[in-house]
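Peer 1: My questions concern the predicted model and sequence given below.
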Amino acid sequence: MDFTRKAKWTFVLVTILFSLVQLSSANHTSINDTSIEMIHVGLILDAQSWVGKIVDSCISMAISDFYSQNCHYQTKLVVHTRDSGGDPLLLLSQALVLLENFKLDAIIVAENSAGVKILAELGSRVKIPIISLFAAGLSLSSFEYPHLIQIGEDESSRAKAVAAIVEAFSWRSAILIYEDNDSARPILSSVTGFRLDQHVALLTSSTDKEIVEQLMKLMSLQMTVYVVHMLPILASRLFLNAKQLGMLSQGYAWITTDMITNFMNSMDPSVFESMQGVVGFKPHIPASKELRRFAIRWRSKNLNENKNLEEMEMNVYGIWSYDMVWAVATAAERVMTRHPHILHQETRLNMNFTTIRSSESGLVFMDEILQSRFKGISGGFQLTNGRLIPKEIEIVNVFKGDRIIGYWNPENGIASIMKEENHTETNSTSSSKLEGVIWPGGTMNIPKGWSLRGKRLRIGVPVTNQFRELISVVHDPQTNDIIVTGFCVDVFKEAVQSLDYEVHYDFIPFEDANGRMAGSYDDLILQVYHKNYDAVVGDITIISRRFAYVDFTLPFTDLGIGVVVPKIDNDIWVFLKPLCGDLWITVGAFFIFTGVVIWFIERPINEEFQGSPSEQIGMIFWYSFSTLVFSHSKYSMFNLNNLSVSFIQNHIVN
């Protein structure tokens, strides 16, 4: 009985103590909640778009993750989300409604439309940061709109990256296809480094018929390198129509900016299929454990809430929005710590049609956001001139997915996917640093950039078996194909390959119904004159009479210059051949005559020319031939004799 009574009292005491602890904890929580300063942030996005859904979920996760790690902070972001439906006017309307109902400290815009520029003007009026998750071009500079923060590349960097690709593949020019709005139009004035032969502006409201008409005009220009810069909605229709017209086949090259490439994962599968072979740019997000863990958590969290996200991959703007929320939350805490009195001040502005409220802390808040430095899931977070610019750009090739083929940055130009090569060369524009590109049509042959589209050259070839090494025509009985080979054909193909544009041709044998040559070589050449053939390839001899009908290439089988001489047997007396016999007798007679003249002059006084008759005769011959080797004065005592010898020898030689 005593034990039961003690147990009851013990239970009552424990229950009372537990209730007191809960009450104390509730009061403590209430006190903490009331002491936390709420920082109101507006978020305007297109709730029905893939990007809008991803950004919304990433911002929600960013707030949850930030304050779970910083539970002691005195501030907390409160996000008020509004749907713009992708309409610029509704975007502005939703911003005004938020400013009227809440004391906003910042507005985040997850759209790339003309309304962003108006919102930037509004931010300058109410003195609060306007954070645009999509770079809107050069027209929205930090000097003109000091309260605007943009994420992504500006038009100048986009144009430089495109110019690097054009130069890397040795294309002389390209055609720019862009959307005629404030977001895409500025790239037209930023293009440097390559020539624009043509630029085409399309509207979002353009019908498929109008798009096809513009593409047909581009096909007639025979240019095959296109740079596309527009919003994904319009780009999807452009590529679908270009695919139907055969403009995504072999010989064409398509380059897309990050405005399109960043959203390829959210495009319809039919659009993605039509973009096979496209080369594009997208910001490089360094791989890290934090990013991988976040991507896994994001997917697992949102699969239950939105099953359609199962088909989506994490978007770069979702990653950037996550880090941007961390920067805004950190900046809000620093404002609270350093300037607590500013957060409680507000201003009411009369905009004629409505009255809006804004915080006096806007300038300080903006400055704290601009000074944010931390390592986020996107890498090193740092704003430069009011813009978050990726340090490196990925060059991707769309083929059964998007694969990275290289990198580009303003300092080093094109860099290999092997990171160690980034420090060895600067300002590189060589395509050798890129991985193999699979171009439209599934080929790895680099497009020439210019093509004779719609015309195939008819190349006539002679049908002869005389010189099969030069030209040979064989009919395959199984496939019924005509196989043309030979040295002349190889030279022709190499010449065509070296051209800066593509030439399509067919070899047409000059033959009759029996498979024999349908005439002489002169008849074959006349076929070019009568425009039955565009050219002739073969062992064609250049003859003067043929110049009246065709032009010839330079001879590529040069025989050089030769001399025809009779064959001479080996003979020891070959050195006598240059002079005839009469001339040799004349030369010998002159030598004897010279010796006799000198003997007649020298004999009275020179002992060398005296003695027996045989000795004197020998001296005459000896002297005549010794002058070829020895000096004249060796045997002669008179200078007049030396002069005579020189005179006679010169006349003999000449």
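Peer 2: It's in.
Peer 1: so how far is residue 41 from the residue nearest to residue 408 when sequence neighbours are not counted?
Peer 2: Take residue 408 and drop its neighbours on the chain: the residue closest to it by Cβ to Cβ, 6 or more residues apart in numbering is residue 393, 4.6 Å away. (Glycine included, C-beta is placed from N, CA and C.) As judged by Cβ to Cβ, to the nearest Å, residue 393 and residue 41 stand 30 Å apart.
Peer 1: same question, residue 279
Peer 2: Distance from residue 279 to residue 41, by Cβ to Cβ: 38 Å.
Peer 1: more crowded one of those two?
Peer 2: residue 41 (26 against 23; other Cβ atoms under 10 Å).
Peer 1: which SSE is the more buried one in?
Peer 2: Assigned by DSSP states H and E, residue 41 belongs to strand 37-45.
Peer 1: how far does that strand sit from the chain's center?
Peer 2: 41 Å (Cα atoms, centre = their mean, to the nearest Å).
Peer 1: what's the answer for stretch 462-474, then?
Peer 2: With Cα atoms, centre = their mean, you get 43 Å for stretch 462-474.
Peer 1: Straight-line length of it, end to end?
Peer 2: 12 Å (Cα to Cα, to the nearest Å).
Peer 1: Give the rounded mean pLDDT of it.
Peer 2: Across stretch 462-474, pLDDT averages out at 85.
Peer 1: ok, and what's touching that stretch?
Peer 2: Contacts of stretch 462-474 with the rest of the structure, by Cβ atoms under 8 Å, 6 or more residues apart in numbering, involve 461, 482-489, 507, 509-511, 515-518, 521, 524, 536-540.
Peer 1: Mind checking which of those are in helices?
Peer 2: In this view, the contacts of stretch 462-474 that belong to helices under DSSP state H are 487, 488, 489, 521, 524.
Peer 1: isn't the second one right up against residue 535?
Peer 2: It stands for residue 488. No: using Cβ atoms under 8 Å, residue 488 is not in contact with residue 535, being 11.6 Å away.
Peer 1: Neighbour count: the two, which is higher?
Peer 2: Using other Cβ under 10 Å, the more surrounded residue of residue 488 and residue 535 is residue 488, with 23 against 15.
Peer 1: Spatially nearest residue to the most centrally placed residue in the chain (excluding sequence neighbours)?
Peer 2: In the chain, the residue lying closest to the centroid (Cα atoms, centre = their mean) is residue 165, at 1.4 Å. Nearest residue to residue 165 in three dimensions, chain neighbours excluded: residue 255, at 5.9 Å (Cβ to Cβ, 6+ apart).
Peer 1: what residue ranges in the stretch 351-500 of the chain score low on pLDDT?
Peer 2: Along the stretch 351-500 of the chain, segments meeting pLDDT under 70 span 351-360, 419-431, 452-454, 500.
Peer 1: hmm, back to that, state whether the residue nearest to residue 165 is indeed within a helix.
Peer 2: No: counting by DSSP: H, G, I helix; E, B strand; the rest coil, residue 255 is located in no helix; its state is strand.
Peer 1: ok, back up a step: which among the contacts of stretch 462-474 end up buried?
Peer 2: 461, 484, 486-489, 507, 509-511, 517-518, 521, 524, 536-540 (16 or more other Cβ atoms under 10 Å).
Peer 1: buried stuff in the strand holding residue 41?
Peer 2: 39, 40, 41, 42, 43, 44, 45.
Peer 1: what's the answer for stretch 594-606, then?
Peer 2: In stretch 594-606, counting by 16+ other Cβ under 10 Å, buried: 594, 595, 597, 598, 599, 601, 602, 606.
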